[in-house]
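**Q** Okay, here's the prediction I keep looking at, along with the sequence it came from:
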Amino acid sequence: MTLGIGGSLLAASFNSGVYQAVLVVHLVGAVVGFGGSALGTVMLRRAWADGPDAAGAVRRSFEFASNRLTDVAAYLAGIAGVVAVLVDDRWDFRQGWVTTAFVLYFAWAAIAHGALRPTGAKLAEAMDAGPELADEAERLRRRAELWSMLSNLVIVAAIAVMVTKPGL
């Protein structure tokens, strides 16, 4: 067993049960976490076209699911990604594709927590205030959509890097 940046923690192989289990957790976390987030973006956009009551109901449902499922799954995907690198003797943190994937993951987290979540909270307040803040809600909705699209593009880029492993 070796520790550190250049070696694996358990020296498991690609076909080992440990690595395969970690990979499944990583993939399921990514599908549920990031897929759920992307789906929420589409659902909110569609509900907005149906009016404030529909948009409010979808927003509340998405917040409930996000706080209890998609966020946890997305964090689990990142943690499992770290573990996958640690347990597989083929990967290490000095490989460019690994570093790039983690930089993109942290960029996603920064967008999600630094921009999208605060904008979403302001949007929720404006929507809950009713018609007097309709213009503000529309402005915030557009901003939230922009951050959401950027977040989704970062995740697509991270997935592309992990699938193609450039430089390997």
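**A** Looks like it came in fine.
**Q** Let me see the contact set for the most centrally placed residue in the chain.
**A** Residue closest to the average C-alpha location in the chain (Cα atoms, centre = their mean): Phe34, at 4.2 Å. By Cβ atoms under 8 Å, 6 or more residues apart in numbering, Phe34 lies in contact with Thr70, Ala74, Ala77, Asn152, Ile155. C-beta here means a position set from N, CA and C on the backbone, and glycine is covered the same way.
**Q** Those residues: which two are farthest apart?
**A** Based on Cβ to Cβ, the longest span within these runs between Ala77 and Asn152 and measures 14.4 Å.
**Q** Comparing those two, which residue is more hemmed in?
**A** Ala77 (22 against 18; other Cβ atoms under 10 Å).
**Q** ok, the closest residue to the more buried one other than its chain neighbours to Ser16 distance?
**A** Nearest residue to Ala77, sequence neighbours excluded (Cβ to Cβ, 6 or more residues apart in numbering): Gly29, at 3.2 Å. Gly29 sits 19 Å away from Ser16, going by Cβ to Cβ, to the nearest Å.
**Q** on that earlier part again, I figured the residue nearest to Ala77 hits Asp71, correct?
**A** No - using Cβ atoms under 8 Å, Gly29 is not in contact with Asp71; the gap is 10.7 Å.
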